[in-house]
Every structure is written in C-alpha cells, then in structure tokens.
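Student: got a predicted structure plus its sequence, pasted below:
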Amino acid sequence: MGPTPMTSAALEAALADIDTVFHGFASPDEVGCGRCHLPEETAFLRTPDIRMPLDVLERFLYEASDHFDDHAAAMRRLLPQAARAMADGGLGGSSRGAHGLIWVNWRSWPADQARAIDTFLQAWWQDVLSTPRPPHPVKNVFETCTTIAGTVTPFLAGWHRQPSAETHLVRCADDWIYDLISDCSPFAWWGPDAEDEAVAELKDWLSRHAADRLRAQGEPDLALRAELLALPYDERWAHPYWTNPSATS
C-alpha cells in the first residue's frame with residue numbers, strides 16, 4: 001500500500017491560492033548556470049505557466065541561490081507547480097535538502113504572495129499530521145516548513161492531538177531525541193544563524209508539552225528522555241535514568 005493521498009480542503013484551497021497568486025510569473029532575463037542546467041531547462045524559467053519535467057523542477061527548487069540571475073523571480077516562477085508537487089509527493093526534495101525559498105526574503109514580497117506561502121506551509125503541515133502515511137517523512141516536512149518559515153513556533157503549536165499526529169510525534173521524537181539529549185541539532189538544513197534558537201525551542205516543547213503525550217502513547221522511556229531535555233546538560237546525564245532506566249520510566 002502506498003502513501004495516503006493528501007486531499008484536505010484547506011490544503012487544496014492553499015494550493016489554489018498559490019496557483020492564482022503566482023500565475024504568470026517568470027524570470028525573463030534568466031541565463032542561469034550553464035554548468036548545471038541545459039539551455040532548454042533554463043528556458044522554462046523565462047516562460048510562465050508551462051509545466052516542466054519534475055526532475056528539472058526539483059533541481060531548480062533545491063539549487064544554490066547563486067546559480068540564478070534572479071533567484072526570487074525563479075522561485076515565484078516555480079511555486080505553482082512546486083507547491084503541488086511538494087504536497088502530493090511528486091518531489092523527492094522534501095526528504096533531502098534545503099528548499100530554495102529559504103534563501104529569499106519572501107516575507108518582504110507583496111502581502112498576497114507572502115500570505116499565500118505562509119498559508120500553504122500551515123495547510124501542508126496540518127494535512128501531513130492528519131495523514132497516517134504521508135508521501136514524505138514527517139520530520140522532513142517539519143524541517144522544510146520551519147526552515148522556509150524561519151520559525152518552529154506555529155508548527156509545534158499546531159501539532160494537534162489526533163491519532164495520526166500522535167503516531168507521528170512518537171516517530172519524530174524518537175528520531176530527534178538522540179541528538180537533542182546531547183545538545184546537538186537533529187536538523188539537516190537549518191541556517192546556522194537560526195538553528196540554535198529552533199533547537200532550543202524544540203527541546204523546550206518536547207519536555208514541557210510532548211512528554212505526557214508520548215507517555216499516553218505507551219512510550220514511557222521516550223517520555224522521560226524528553227523530560228530530561230529540561231535539565232542542564234550535566235544534570236541531565238547525572239540523572240538515575242541512565243543507570244536504571246526501567247525504574248524511572
């Protein structure tokens with residue numbers, strides 16, 4: 001059985017808004033990087049509203065910003081097809097790297113454009129949480145959404161209590177806890193300037209808000225390790241859990 005398709009009304013509305021707001025955009029003077037892209041591939045960026053092959057779309061979407069003459073214009077051009085491919089699993093990039101929107105100041109764009117992107121990120125995240133088997137690993141969607149948004153706050157706050165969301169919480173916490181307990185980052189592509197703040201907020205949220213939910217999911221050991229994140233490093237590692245975890249979980 002394959003991943004469950006994403007069909008929520010909120011996500012469909014957000015994608016439709018992306019289609020409308022970014023309809024007709026192009027990067028008309030784009031020459032691009034001749035070493036990385038064929039001339040016929042770069043031509044897609046100069047031409048609005050035509051579909052490009054998914055492998056070309058993905059390479060542009062996750063390409064370094066200095067490979068473009070106008071990176072912001074290229075991202076606007078890509079958004080209608082890219083957002084839908086991100087949500088329906090058409091791209092592998094949501095599982096592997098830094099999205100191009102991280103490198104542009106999209107919040108400074110006209111209000112309708114910035115709002116469309118923000119609404120899409122929130123709708124996609126909620127849809128992923130509500131989907132038992134989404135196309136991409138949930139931890140990777142979380143990192144994609146939060147790095148584009150530049151904050152983990154609304155995505156943690158929106159991690160609602162619902163069966164599939166609780167299952168995803170267990171899996172994400174289990175993946176993250178090894179790094180977090182050692183004061184390391186579990187993230188792959190956060191920028192260094194914002195990563196420390198994001199990691200600190202994630203640790204605080206897991207210790208204060210997620211531990212009881214993990215315990216309710218039959219994960220007492222994982223819940224206790226989440227609670228240990230609230231302690232200073234030395235106190236964390238001096239905790240009796242490490243010598244007799246069964247007695248403390």
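Tutor: In hand now; what should we look at?
Student: residue ranges with poor pLDDT in this protein?
Tutor: Scanning the chain with the threshold set as pLDDT under 70 gives 1-7, 34, 92-96, 192, 245-249.
Student: in it, which residue is most central in space?
Tutor: By CA atoms, centre = their mean, the mean C-alpha position of the chain lies nearest to residue 144, the distance being 2.1 Å.
Student: following the helix or strand harbouring that residue, which helix or strand comes up?
Tutor: For residue 144, the enclosing helix or strand under DSSP states H and E is helix 138-149. As assigned by DSSP H and E, the chain's next helix or strand after helix 138-149 is helix 153-157.
Student: how about that following helix: buried residues?
Tutor: By 16 or more other CB atoms under 10 Å, the buried positions in helix 153-157 come out as 155, 156. In this view, the C-beta of every residue, glycine as well, is placed from N, C-alpha and C.
Student: quick one: list the elements packing against that helix.
Tutor: Applying 3 or more CB pairs under 8 Å, 6 or more residues apart in numbering; DSSP states H and E, one finds that helix 153-157 makes contact with helix 111-129, helix 138-149, helix 192-205.
Student: which residues touch that helix?
Tutor: 122, 125, 142, 145, 146, 149, 201, 202, 205, 209 (CB atoms under 8 Å, 6 or more residues apart in numbering).
Student: which non-adjacent residue is nearest the fifth one?
Tutor: When you say that, I think you mean residue 146. residue 152 (4.6 Å; CB to CB, 6 or more residues apart in numbering).
Student: excluding chain neighbours, what is closest to residue 90?
Tutor: residue 54 (5.6 Å).
Student: please state the offset of stretch 112-129 from the chain centre?
Tutor: Centroid separation between stretch 112-129 and its chain, computed with CA atoms, centre = their mean, to the nearest Å, is 11 Å.
Student: cool, stretch 213-220 as well?
Tutor: With CA atoms, centre = their mean, you get 25 Å for stretch 213-220.
Student: start and end of that stretch, how far apart?
Tutor: 10 Å (CA to CA, to the nearest Å).
Student: helices along this structure, start to end?
Tutor: Under the criterion DSSP state H, helices of the chain are mapped to 9-21, 39-46, 54-61, 71-88, 111-129, 138-149, 153-157, 163-181, 192-205, 211-216, 220-228, 233-238, 245-248.
Student: how about those helices in TSV, adding distance to residue 97?
Tutor: Compiled in TSV, the helices of the chain are given as follows (distance: least, CB to CB, whole Å):
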stretch	distance to residue 97
helix 9-21	21
helix 39-46	19
helix 54-61	9
helix 71-88	12
helix 111-129	17
helix 138-149	9
helix 153-157	19
helix 163-181	17
helix 192-205	15
helix 211-216	29
helix 220-228	28
helix 233-238	30
helix 245-248	36
